[in-house]
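*Asks:* After the sequence you'll find the predicted model.
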Amino acid sequence: MRPTLNFFLPTLLTVSLALVGCVSLAPAHERPAAPVAADWHAPATGSADARAAADLGWREFVTDARLREVIELALAQNRDLRVAVLNVQRAQAQYGVQRADQLPTVAAGGSQQAQRLPGGLTGTGEAAISRQYTATLGVSAFELDLFGRVKSLTDAALQQYLATEDGRRNAQISLVAQVAGSWLTLAADQERLQLTEQTLKAREDSLRLAQRLQAGGVSSTLDLRQAEATVEQARADLASLTRQVASDRNALELLVGSPLQAGHWPVAGSARPATLTAELPAGLPSEVLLQRPDVQQAERSLQAAEAQIGAARAAFFPRISLTASAGTASSALDGLFRAGTGFWSFAPQVSLPIFDAGRNRAQLKTAQVDRDIAVAQYEKAIQSAFREVADGLAERATLGQQAQAQQRLVAQTADALRLAEARFKAGVDDRLATLDAQRSLYAAQQGLVQVQLAQQLNRVTLYKALGGGALADTTAATATRQSGA
């Protein structure tokens with residue numbers, strides 16, 4: 001028995017492993033040509049020696065300490081990102097299940113069989129009880145992967161796992177951008193609310209002055225009604241912005257996934273930028289787009305579809321499976337491992353498809369169409385990424401000029417209000433000119449806040465569109481995969 005166990009199964013396993021994965025019928029992967037232009041169709045400014053967005057981690061890009069803490073909370077608490085992480089773990093486990101099919105499953109077992117025969121069947125006239133004990137070690141239905149079917153399925157599972165990991169990285173970068181954008185929007189709305197409160201106070205002062213002048217017969221009732229109208233408009237704006245700030249806070253807490261403390265909210269009136277103000281270099285589309293995790297995810301899905309073609313092609317060829325076992329049997333438990341009680345069995349099986357009503361051909365066609373779909377989705381991912389970057393660069397080229405013009409407009413309308421008030425006090429103009437100047441200054445100040453917000457959001461959008469932090473995150477993800485594989 002001992003020589004049987006020591007030599008039979010190890011020899012069988014060695015031969016089986018040597019025959020595994022001899023051929024792969026999957027098509028060789030070739031990255032599809034990017035269906036986009038060679039440049040961004042927009043001014044790609046930025047210092048040549050500046051760090052690329054892909055090399056810049058989000059903690060380096062975000063300069064405001066409060067916003068950095070909020071993003072940290074979101075990365076730990078956001079439920080969508082948590083689902084993305086769990087999907088990675090699930091895909092990793094599925095890859096482990098599929099990879100296990102490449103190796104034989106060896107199982108040990110033991111059994112007892114007892115049988116009682118009546119006296120009429122024993123030949124001796126007396127009932128008899130017989131017992132049999134067995135102990136086995138064997139391999140059950142292990143497929144020799146001569147044509148790479150199992151290997152192709154394993155490769156497909158691996159690429160799906162890696163695609164899920166790329167999806168997790170894309171979800172993380174998107175979450176960072178969403179939290180930053182929501183936080184900056186809240187900060188801008190708080191500033192607009194503060195500006196409206198100040199405007200309301202100034203208009204109420206003007207209303208009181210108009211009431212005194214009207215009571216003294218200096219101004220008309222029309223001037224009073226116009227002053228009252230500007231106050232009510234400011235009160236309506238105040239109510240609207242108060243509601244908007246509350247909505248912004250709720251949206252930010254939903255992104256973060258937990259309530260925020262007082263020290264996490266943006267400070268109204270703070271002029272410091274929350275992110276790096278240096279322009280990120282755009283680089284070439286052929287280099288930048290391939291660094292984005294969503295593009296890498298699309299390419300991984302394409303490679304998985306190509307591996308499925310290999311598995312579908314292998315289904316046309318014979319499938320060989322091995323079932324073998326070796327063990328010992330005895331009628332007495334204490335004699336189970338004595339000399340001369342060993343046995344073995346070897347049952348190879350060959351399955352050759354002859355007629356399947358076109359099933360294998362249809363499965364191959366399905367796999368090929370899935371590959372074509374994956375190619376189209378990859379190309380669409382490239383095109384969408386190109387548009388995001390091109391739009392961001394086009395906005396960056398004009399927002400600076402718009403902000404400068406808006407700042408000059410604020411200065412000019414403020415000076416116009418000063419002159420209108422002086423002319424009104426001198427009796428040169430009526431109250432209407434002052435009210436018009438007040439409304440113009442208020443609108444210009446609100447517009448400046450909006451343009452400054454657009455500038456900050458543009459920096460965040462470009463950071464994400466250019467694959468912000470992708471290379472640094474790829475290094476961490478690779479280390480995680482190697483430790484968990």
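*Replies:* It's in.

*Asks:* correct me, but Val179 touches Val256?
*Replies:* Yes. Checked against C-beta atoms under 8 Å, the pair Val179 and Val256 is within contact range at 6.8 Å. Every residue, glycine included, has its C-beta placed from N, CA and C.

*Asks:* Find residues that contact each of those two.
*Replies:* With C-beta atoms under 8 Å, 6 or more residues apart in numbering applied, the overlap between the contact sets of Val179 and Val256 consists of Val70, Ala74.

*Asks:* Tally up the residues packed near Gly269, please.
*Replies:* Other residues within reach of Gly269 by the criterion other C-beta atoms under 10 Å amount to 10.

*Asks:* And it, how close does it get to Leu252?
*Replies:* Separation of Gly269 from Leu252 (C-beta to C-beta, to the nearest Å): 19 Å.

*Asks:* Could you do Ala374 as well?
*Replies:* Distance of Ala374 to Leu252, given as C-beta to C-beta: 36 Å.

*Asks:* list the buried ones in the helix or strand harbouring Ala76?
*Replies:* Taking DSSP states H and E as the criterion, Ala76 maps to helix 65-77. Neighbour-count burial for helix 65-77, counted by 16 or more other C-beta atoms under 10 Å, picks out Arg66, Leu67, Val70, Ile71, Leu73, Ala74, Leu75.

*Asks:* Quick check: mean pLDDT of that helix?
*Replies:* Here the mean pLDDT over helix 65-77 is 95, rounded to a whole number.

*Asks:* Low-confidence ranges, the stretch 301-450 of the chain, go.
*Replies:* Residue ranges of the stretch 301-450 of the chain with pLDDT under 70: none are present.

*Asks:* Show me the helices in it, by range?
*Replies:* Taking DSSP state H, counting those that start in this stretch to define them, one finds helices in the stretch 301-450 of the chain at 359-425, 431-465.

*Asks:* Go through those and pick out the most buried.
*Replies:* Taking mean count of other C-beta atoms under 10 Å as the contact definition, the stretch among the helices of the stretch 301-450 of the chain with the greatest mean neighbour count is helix 431-465, which reaches a mean of 20.

*Asks:* and it, what does it pack onto?
*Replies:* Contact here means 3 or more C-beta pairs under 8 Å, 6 or more residues apart in numbering; DSSP states H and E; on that basis helix 431-465 packs against helix 149-215, helix 221-256, helix 359-425.

*Asks:* Reformat those as a markdown table; add distance to Leu25.
*Replies:* What follows is the helices and strands packed on helix 431-465, written out as a markdown table (distance: least, C-beta to C-beta, whole Å):
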| stretch | distance to Leu25 |
| --- | --- |
| helix 149-215 | 7 |
| helix 221-256 | 46 |
| helix 359-425 | 10 |
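
*Asks:* With respect to Gln113, which of these lies nearest?
*Replies:* Gln113 sits nearest to helix 149-215 of all the helices and strands packed on helix 431-465, at 35.1 Å, using C-beta to C-beta.

*Asks:* how far off helix 65-77 does the closest one point, in degrees?
*Replies:* 140 degrees (axes from the mean of the first three to the mean of the last three C-alpha atoms, to 10 degrees).

*Asks:* helices and strands around helix 149-215, which ones?
*Replies:* Helix 149-215 packs on helix 65-77, helix 79-100, helix 221-256, helix 293-314, helix 431-465, helix 470-484, going by 3+ C-beta pairs under 8 Å, 6+ apart.

*Asks:* Kindly reformat those helices as TSV and extend each row with distance to Phe142.
*Replies:* Putting the helices and strands packed on helix 149-215 into TSV (distance: least, C-beta to C-beta, whole Å) gives the following:
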stretch	distance to Phe142
helix 65-77	44
helix 79-100	11
helix 221-256	50
helix 293-314	16
helix 431-465	48
helix 470-484	26
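
*Asks:* Which stretch among the ones you listed approaches Ala28 most closely?
*Replies:* When the helices and strands packed on helix 149-215 are compared by C-beta to C-beta, helix 293-314 sits nearest Ala28, at 8.3 Å.

*Asks:* in the closest one, what's buried?
*Replies:* Going through helix 293-314 with 16+ other C-beta under 10 Å, the ones that come out buried are 293-314.

*Asks:* centroid residue for the protein?
*Replies:* Nearest to the geometric centre of the chain sits Ala171, at 2.1 Å (C-alpha atoms, centre = their mean).

*Asks:* How about the contacts made by the nearest residue to that one once chain neighbours are set aside?
*Replies:* The spatial neighbour of Ala171 that comes closest, neighbours along the chain excluded (C-beta to C-beta, 6 or more residues apart in numbering), is Ala84 at 4.2 Å. Contacts of Ala84 were listed using C-beta under 8 Å, 6+ apart, and they are Gly167, Arg168, Ala171, Gln172.

*Asks:* Considering the residues you listed, which is situated nearest to Ala470?
*Replies:* Gln172 (10.1 Å).

*Asks:* Quick check, pLDDT for the residue lying closest to the closest one once chain neighbours are set aside.
*Replies:* In this structure, Gln172 finds its nearest non-sequential neighbour in Leu81, 6.2 Å apart by C-beta to C-beta, 6+ apart. Predicted confidence (pLDDT) at Leu81: the value is 94.
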